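Colleague: coords please:
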Amino acid sequence: MDKLPERKRMETKYFPLGNIEKNRLINIMKVLFGIACIAVALYWVIFRINSTGNFGTIRITILFLSVFGFYQIWAGIRKAERYIKIGKDKIVLKKYIFLQPLGMAASETEKIEFFSLKVIFFLKSGRKVMLRFGTMYYESNETIRDEIAKYAEEHKIPTELIQEEI
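Modeller: Residues are numbered from 1 along each chain as shown. All right, here's what the predicted structure looks like:
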């Protein structure tokens, strides 16, 4: 009994959407700095909250140090990465650092539009998902756009290249 030829498996391709730090020492320093910021914020809450200064300024300082400290810890444990993963039958997009990644199966994708600095995925549910590119990493933008186009071609997803007028 002959086996049918298996479809060539496409490995998952990972593309960061921005600058990511892979140096372990830098990430440890981010975590330590975040802990220090939160410790200073706690110190201000405990010992300075009733100081004679402007109460609004102290609250803003505490809020800023707390949020910035949390962000540094989040970035240090590599949860603040933005990326796109192009797999065999699914594209996973993490656009926002504090939200969960969004998975878009090929069967759920109706159409993909390509612009110079963005890609819009039209899903069959009626939802639009936009991926914006930065202007700093132009070479990686082209690579990502080419991989999305290959993915669309393999899964027979209609694409459209739209030229924006300046």
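
Colleague: Run through the residues that contact the nearest residue to E21 once chain neighbours are set aside.
Modeller: Nearest residue to E21 in three dimensions, chain neighbours excluded: N27, at 6.2 Å (Cβ to Cβ, 6 or more residues apart in numbering). Using the backbone N, CA and C atoms, a C-beta is placed for each residue, glycine as well. The contact partners of N27, by Cβ atoms under 8 Å, 6 or more residues apart in numbering, come to E21, A75, G76, I77, R78.

Colleague: How far off centre is stretch 153-164?
Modeller: In terms of Cα atoms, centre = their mean, to the nearest Å, the centre of stretch 153-164 is set 22 Å apart from its chain centre.

Colleague: again but with stretch 95-102, I slipped
Modeller: Between the mean C-alpha position of stretch 95-102 and that of its chain there is a distance of 6 Å (Cα atoms, centre = their mean).

Colleague: what mean pLDDT does it have?
Modeller: For stretch 95-102, mean pLDDT rounds to 86.

Colleague: Please list the residues outside that stretch that contact it.
Modeller: Residues from elsewhere that reach stretch 95-102, judged by Cβ under 8 Å, 6+ apart: 17, 74-75, 79-83, 85, 92-94, 129, 131.

Colleague: Nearest to T143, out of these: which one, please.
Modeller: L17 (11.9 Å; Cβ to Cβ).

Colleague: Around the spatially closest residue to the closest one that is not a sequence neighbour, how many other residues sit close by?
Modeller: Taking Cβ to Cβ, 6+ apart as the measure, L17 lies nearest to R82, with 4.1 Å between them; neighbours along the chain are not counted. Around R82 sit 16 other residues, with neighbours defined as other Cβ atoms under 10 Å.
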